[in-house]
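Engineer: can't give you the sequence, but here's the structure:
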């Protein structure tokens, strides 16, 4: 067995090395071309390093965390940006919310709370349903949770242990495709449908804040969901169920079903954790009243779970050996946007796209498509949460050339933010993948298939829906 594995491992390593060499050579060529075109000092190198990191992540050349560290090292040494900017991803509230989510998710599993909740409320219903119905229920629950819990990362932290417990209760194998599909239903569903709920995802919040700061335009919940849910949330939600069912349908094995203990009383640690989570969810839901960041609410709850007097989870039980690479990776991703902004590469890219796209002479359907492309491309090189802040300064310029309102231009960007192409664009998805052991390949093919299927439908239906609502 080991003898057979050796040549396979060697071929895999050689393949990764070849892919990596091609990516590096292409990125060097990109930097040279940009410098020849007159790019400012540091900008060409920043774009090339971002392209290299994206290429390495997409092709699996190196472990994700190692690629992230190489990217950060390259930006500090080659570009010369301040370390405070380059490593700013590790100081963002998003990073610490992810850190808190890891501890809370582990606590929910260790105390048996997730198994207890799954057995008491959901497992019986899922056992009686087919695979498509199971996926659909998870997507609906994940989307519905966004109405009361505005942070995507927080929702993933709450949902993931529950869905894993549901998989155990239904009898899905640890490495089975059925389990992968249900976990991705929660991780992708809690972003891709709630992108149509104004306060439910970080890109929405950044977009709304940018509009208010730059143009004095205030978005409200009702018109926002009316404009986007029928053509984005509904279409992509249904497509997500169809894609996951097609790719990962699997019949569970009854013998694999794990007893969930729904009739047994919840342990003392589980009851204390439920109280902590209840207060945490309330504070997350009411953040507009107390103005405390969800990250600090989550971190406070995580620290409370680790306190010896709470007897919920021991600090030594936290698998930091597994969590550490994932946290490094996410910190690097969050720093990517800061690098693009500080080097001027993000603004240069957006301005290039605005000039290059034939928006002025295009028809309204084509304009809508081109502006969605602008958001998609920007989010690929800066991640979803950063993209709105980079493109927002150009909304007035676009509005003047198209005759649209600034608000309509901004709303067109949501079509792009709702179409992630790679997992690294969504830190909440990366959190779920790392904690549940989902491969980059599985998540990427779901996102790409979703984009291919839904983009024509969404753009066409959005045109007619917007026209009927008088947005043109």
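Structural biologist: Right, received. Where do you want to start? Predicted, not measured: the structure shown is a model, and the values here were computed from it. Numbers count the residues shown, from 1 in each chain.

Engineer: test my guess that residue 305 contacts residue 313.
Structural biologist: Yes. With contact defined as CB atoms under 8 Å, residue 305 counts as touching residue 313 (5.6 Å). All C-beta atoms are positioned from the backbone trio N, CA, C, and that covers glycine.

Engineer: between those two, which has more neighbouring residues?
Structural biologist: residue 305 (27 against 22; other CB atoms under 10 Å).

Engineer: returning to what we had before: tell me, what's touching residue 305 and residue 313 both at once?
Structural biologist: Contact criterion CB atoms under 8 Å, 6 or more residues apart in numbering; residues shared by residue 305 and residue 313: 103, 107.

Engineer: hang on, residue 203 packs against residue 416?
Structural biologist: No. Using CB under 8 Å, residue 203 is not in contact with residue 416, being 9.5 Å away.

Engineer: mutual contacts of the two, please.
Structural biologist: 379, 387.

Engineer: what's near enough to touch residue 407?
Structural biologist: Per CB under 8 Å, 6+ apart, neighbours of residue 407: 211, 217, 219.

Engineer: apply 7 Å and report the result again.
Structural biologist: Going by CB atoms under 7 Å, 6 or more residues apart in numbering, residue 407 touches residue 217.

Engineer: for the one 4 residues further on, same thing?
Structural biologist: If a contact means CB under 7 Å, 6+ apart, then residue 411 has residue 227 as its contacts.

Engineer: kindly recompute the last result at 8 Å.
Structural biologist: So residue 411 contacts 224, 227, 228, 471 (CB under 8 Å, 6+ apart).

Engineer: ranking those residues by neighbours, who comes first?
Structural biologist: Neighbour-wise, the contacts of residue 411 (other CB under 10 Å) top out at residue 228, 23 neighbours.

Engineer: and that residue, how far from residue 425?
Structural biologist: Distance check for residue 228 against residue 425: by CB to CB, to the nearest Å, it reads 19 Å.

Engineer: what stretches of the chain score poorly on pLDDT?
Structural biologist: Where the chain drops to pLDDT under 70, the residues are 1-13, 118-119, 121-128, 148, 150, 254-264, 287-288, 321.

Engineer: domain ranges for it?
Structural biologist: Domain assignment for the chain, taken from automatic domain parsing, gives 1-83, 91-320.

Engineer: so which residues of the stretch 351-472 of the chain form helices?
Structural biologist: 364-382, 387-391, 395-402, 406-417, 427-436, 440-469 (DSSP state H, counting those that start in this stretch).

Engineer: name the helices or strands packed onto the longest one?
Structural biologist: This points to helix 440-469. helix 43-59, helix 177-192, helix 221-228, helix 234-248, helix 364-382, helix 406-417, helix 427-436 (3 or more CB pairs under 8 Å, 6 or more residues apart in numbering; DSSP states H and E).

Engineer: what's the closest of those to residue 36?
Structural biologist: helix 43-59 (9.0 Å; CB to CB).

Engineer: off-centre distance for the closest one?
Structural biologist: Distance of helix 43-59 from its chain centroid, counting by CA atoms, centre = their mean, to the nearest Å, is 19 Å.

Engineer: stretch 177-197 now?
Structural biologist: Taking mean C-alpha positions (CA atoms, centre = their mean), stretch 177-197 and its chain are 10 Å apart.

Engineer: mind listing what's buried along it?
Structural biologist: 177-197 (16 or more other CB atoms under 10 Å).

Engineer: one more: stretch 206-223?
Structural biologist: Using 16+ other CB under 10 Å as the burial criterion, the residues of stretch 206-223 that qualify are 206, 207, 208, 210, 211, 215, 219.
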